[in-house]
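*Asks:* sequence and predicted structure, then a few things I'm wondering about:
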Amino acid sequence: MNKQDFKFFIGIDLSKRFFDVAIIDNDRTTSYVFENTRKGANAFIRLLKNQKIPLSNTLICMEHTGVYGKILITKLVEKQASFCVEMPIQITKSIGVVRGKSDRVDAKRIAIYASKNHKELELYRPMPEILEKVKILLKIRRKLVNTRADVNKYPNELELFSPELGKLAKRNLKKINKNLNDEINRIEAEIKKLVLSDDKLNKTVGLVTSVTGIGQITALHFTIFTNFFTRYDNPKQLACYSGVVPFEYTSGESIHRKSRVHPMANRTLKKHLHMSALAAINHDPDIRTYFLRKVEEGKNKMLIVNNVRNKLVHRICAVVKRQKPYVKTIS
């Protein structure tokens, strides 16, 4: 972010139907409410113009609320406004102990958060349309895969204790399973078509999947969550975001707990990295040798798997930075 001195700080609390706005001008704070529609977004921009609040020296901050922020974010990008979209827990933790809650108060707290931390905040960078499309399809695919798993969970358990009843359940779910499999295959074909239609995305996915153990779906998730690997300066930051970096937990002489990964991480990336690590252990000679050596040394297997996940993140970042596919070492 440019370390410019913003004169105005605006906090926005978004909900499905409305968004509350708090504007800090020196020590004065004013509050407004708009409909969360295109009409409301236009009214917000008009208000700033009428109040003589130029977007050029105004920082707008809002919480990440998924689809609820789409309309307003699109308008702010169109107007080339300086704004940031922060995770709610980041704002909540920075505020400290609070009493009471309302949308109006939350908007004011977000504005105060922006005014205090503006030099460290990262300005919003819009995601390319191709990534937005792939992101939607991946989300649909994930829901279909989860539905398929839920549908098959009961008959699989039933078959363990009553084979005949289990077969009956599976027979009646056969058509549903076929439809789910067909839809998943169709979505994956649509994703593949989108990847091939964009040179940059196709090249990035090709580089990432050159790392043994990383499949196309995992590569796409990394590309989307990092916005073409532009959100993180080094592999350690990305590894931390992916939930594979253990943190020390000690205090004085009385508290000495094992180092653990923090629960506040991207769980989707962590899950995909876990499956990739298991694949790498089976198919990458170097990683398999490393895994077996550590097992012989008596290391905890989950700790070793986590180390492999960390290695994969570093390899992914290396191939993207060098723009060259990963090459296995021949021993």
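*Replies:* Perfect, I can see it now.
*Asks:* now the helices for the stretch 51-200 of the chain?
*Replies:* Assigned by DSSP state H, counting those that start in this stretch, the helices in the stretch 51-200 of the chain fall at 70-78, 88-95, 103-117, 129-161, 163-197, 199-209.
*Asks:* try the stretch 201-331 of the chain
*Replies:* 216-225, 235-241, 267-283, 285-296, 301-322.
*Asks:* one step back: which one, of the helices of the stretch 51-200 of the chain, ends up nearest to Pro246?
*Replies:* helix 88-95 (20.5 Å; C-beta to C-beta). Yep, even glycine has a C-beta here, placed from its N, CA and C like the rest.
*Asks:* kindly report the domain assignment for this protein.
*Replies:* Using automatic domain parsing, the domain ranges for the chain come out as 8-117, 133-197, 218-322.
*Asks:* quick one: closest of the ones you listed to Met127.
*Replies:* That would be, of these and by C-beta to C-beta, domain 218-322, which comes in at 5.6 Å.
*Asks:* how far off centre is that closest one?
*Replies:* Computed by C-alpha atoms, centre = their mean, to the nearest Å, the chain-centroid distance of domain 218-322 equals 16 Å.
*Asks:* sorry, back to before: and the helices of the stretch 51-200 of the chain, which one's lowest on average pLDDT?
*Replies:* Across these, helix 88-95 has the smallest mean pLDDT, namely a mean of 82.
*Asks:* what does it contact?
*Replies:* 63-65, 109-110, 112-113, 116-117, 264 (C-beta atoms under 8 Å, 6 or more residues apart in numbering).
*Asks:* next one: stretch 302-313
*Replies:* Outside stretch 302-313, the residues touching it (C-beta under 8 Å, 6+ apart) are 211, 213-214, 235, 238-239, 242, 244-246, 261, 270, 273-274, 276-278, 280-281, 287, 290-291, 294-295.
*Asks:* mind listing what's buried along that stretch?
*Replies:* 304-313 (16 or more other C-beta atoms under 10 Å).
*Asks:* now swap in stretch 214-223 and tell me
*Replies:* 214, 217-223.
*Asks:* what does stretch 39-59 give?
*Replies:* By 16+ other C-beta under 10 Å, the buried positions in stretch 39-59 come out as 40-41, 44-45, 48, 53, 55, 58-59.
*Asks:* dump the domains of the chain to TSV, plus distance to Tyr124.
*Replies:* Converted to TSV, the domains of the chain look like this (distance: least, C-beta to C-beta, whole Å):
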stretch	distance to Tyr124
domain 8-117	5
domain 133-197	16
domain 218-322	10
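*Asks:* next up, the contacts around Ser82.
*Replies:* Applying C-beta under 8 Å, 6+ apart, we find Ser82 in contact with 2, 6, 55-56, 58-60, 123.
*Asks:* mind saving the C-alpha coords of stretch 52-59 as PDB?
*Replies:* Output of stretch 52-59 as PDB, limited to C-alpha atoms (Å, rounded to 0.1, in the frame of the first residue of the first chain):
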ATOM      1  CA  LYS A  52     -16.600  17.100  -0.900                       C
ATOM      2  CA  ILE A  53     -14.800  13.900   0.100                       C
ATOM      3  CA  PRO A  54     -12.400  13.000  -2.800                       C
ATOM      4  CA  LEU A  55     -11.700   9.400  -3.300                       C
ATOM      5  CA  SER A  56      -8.000  10.300  -4.100                       C
ATOM      6  CA  ASN A  57      -7.200  10.800  -0.400                       C
ATOM      7  CA  THR A  58      -9.900   8.600   1.200                       C
ATOM      8  CA  LEU A  59      -9.300   5.100   2.500                       C
END
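*Asks:* so which of the helices of the stretch 51-200 of the chain gets nearest Tyr32?
*Replies:* Taking these one by one with C-beta to C-beta, helix 103-117 is closest: 8.9 Å.
*Asks:* distance to Glu190 and pLDDT added to the buried residues of stretch 39-59, as a markdown table?
*Replies:* Below are the buried residues of stretch 39-59 laid out as a markdown table (distance: C-beta to C-beta, whole Å; pLDDT from 0 to 100):
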| residue | distance to Glu190 | pLDDT |
| --- | --- | --- |
| Gly40 | 33 | 97 |
| Ala41 | 31 | 97 |
| Phe44 | 36 | 97 |
| Ile45 | 36 | 96 |
| Leu48 | 40 | 95 |
| Ile53 | 43 | 94 |
| Leu55 | 38 | 92 |
| Thr58 | 40 | 95 |
| Leu59 | 38 | 96 |
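*Asks:* quick one, which of the contacts of helix 88-95 are buried?
*Replies:* 63-65, 109-110, 112-113, 117.
*Asks:* looking at the residues you listed, which is nearest Asp199?
*Replies:* His64 (29.5 Å).
*Asks:* restricted to buried residues, select the contacts of stretch 302-313 in PyMOL.
*Replies:* This is the PyMOL syntax for the buried subset of those, where burial follows 16+ other C-beta under 10 Å:
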select buried, resi 211+213+214+235+238+239+242+244+245+261+270+273+274+276+277+280+281+287+290+291+294
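*Asks:* tell me the contacts of the closest residue to Val245 other than its chain neighbours?
*Replies:* Ranked by C-beta to C-beta, 6 or more residues apart in numbering and with sequence neighbours excluded, the top spatial neighbour of Val245 is Ala239, at 5.0 Å. Neighbouring residues of Ala239 by C-beta under 8 Å, 6+ apart: 245, 310, 313-314.
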